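In: Test case, fold it:
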Amino acid sequence: MGSAISLRLDFDGEHLRRLARQTKDAAQARRLLALASIYDGGSRSDAARLGNVTLQIVRDWVMRFNAHGPGGLMNGKAPGPKSRLNDRQRAALAQTLERGPTPYLDGVVRWRLCDLVQWLWEEFRVSVSEQTLSREVRAMGYRKLAARPKHPAQDPQAIEEFKKTYGSPRLQVF
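Out: Presented below is the predicted three-dimensional model:
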């Protein structure tokens, strides 16, 4: 059986207890208290019992603590899946968005997400969902902009009359 991995020498049990009281992360506080018991001469089994974990997990905590200090005992955010688009494909997508569609070539007059999904498949053989592409496009700084619709039978004279009557607020004293 191997020997136990020693804890860092720049901390002690009291210091870890103080950090555990100050932290807002309950999981980190539990881990700090378990390691504090080791600093105070307790066994790894006592620390595992105190933390309600196995000896292997206590070993992992010690490794993380030795490498990164108290911050290493916080739960990290999971990295998530790797992006389906690489930098070259993102640059081509940005160029295509900036250029806009060519109706006789692309078959559309404005880019929709479903059209861009199809374009990515035809251009790079990359299959992405509309939701994923929306996230990618928004991360690139693009937003959907649409002009306010205008009714074809709109009367410009009625608009001006409305602006004159209701456009500027007037102070009314009763």
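
In: low-confidence ranges in the protein?
Out: Within the chain, the ranges that satisfy pLDDT under 70 run 1-3, 167-174.

In: can you give me the helices for it?
Out: Remark: helices assigned in the chain by DSSP state H are 13-22, 26-39, 44-51, 55-68, 87-99, 103-106, 113-124, 130-139, 156-162.

In: Compare those and give me the one nearest Pro79.
Out: helix 130-139 (15.5 Å; C-beta to C-beta). Using the backbone N, CA and C atoms, a C-beta is placed for each residue, glycine as well.

In: what's that closest one in contact with?
Out: Ser83, Arg84, Leu85, Arg90, Leu93, Leu97, Leu113, Cys114, Leu116, Val117, Leu120, Val128 (C-beta atoms under 8 Å, 6 or more residues apart in numbering).

In: That one vs helix 87-99, what angle?
Out: Per axes from the mean of the first three to the mean of the last three C-alpha atoms, to 10 degrees, the angle that helix 130-139 makes with helix 87-99 is 80 degrees.

In: what residues are up against Val128?
Out: Taking C-beta under 8 Å, 6+ apart, one finds Arg84, Leu85, Val117, Leu120, Glu136 in contact with Val128.

In: Just the buried residues of those residues.
Out: The neighbour count (16 or more other C-beta atoms under 10 Å) marks Leu85, Val117, Leu120, Glu136 as buried among the contacts of Val128.

In: Output these in CSV; the columns should cover distance to Gln56.
Out: Shown next, in CSV, are these (distance: C-beta to C-beta, whole Å):
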residue, distance to Gln56
Leu85, 38
Val117, 45
Leu120, 44
Glu136, 39
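
In: Closest to Leu33 out of the residues you listed?
Out: Glu136 (42.6 Å).

In: so how far is Ser129 from that closest one?
Out: Going from Glu136 to Ser129 by C-beta to C-beta, to the nearest Å gives 10 Å.

In: same question, Pro70
Out: 40 Å.

In: Neighbour count for the two, which is higher?
Out: For Pro70 and Ser129, the more surrounded residue by other C-beta atoms under 10 Å is Pro70, and the numbers stand at 19 against 11.

In: State the distance from that one to Ala158.
Out: Counting by C-beta to C-beta - Pro70 and Ala158 are separated by 69 Å.

In: Kindly report the same for Asp25.
Out: 62 Å.

In: Just want to know which of those two has more residues nearby.
Out: Asp25 (13 against 9).

In: Next, the contact list for the residue nearest to the more buried one when sequence neighbours are not counted, please.
Out: Ranked by C-beta to C-beta, 6 or more residues apart in numbering and with sequence neighbours excluded, the top spatial neighbour of Asp25 is Met74, at 5.5 Å. Neighbour list for Met74: Asp25, Ala27, Gln28 [criterion: C-beta under 8 Å, 6+ apart].
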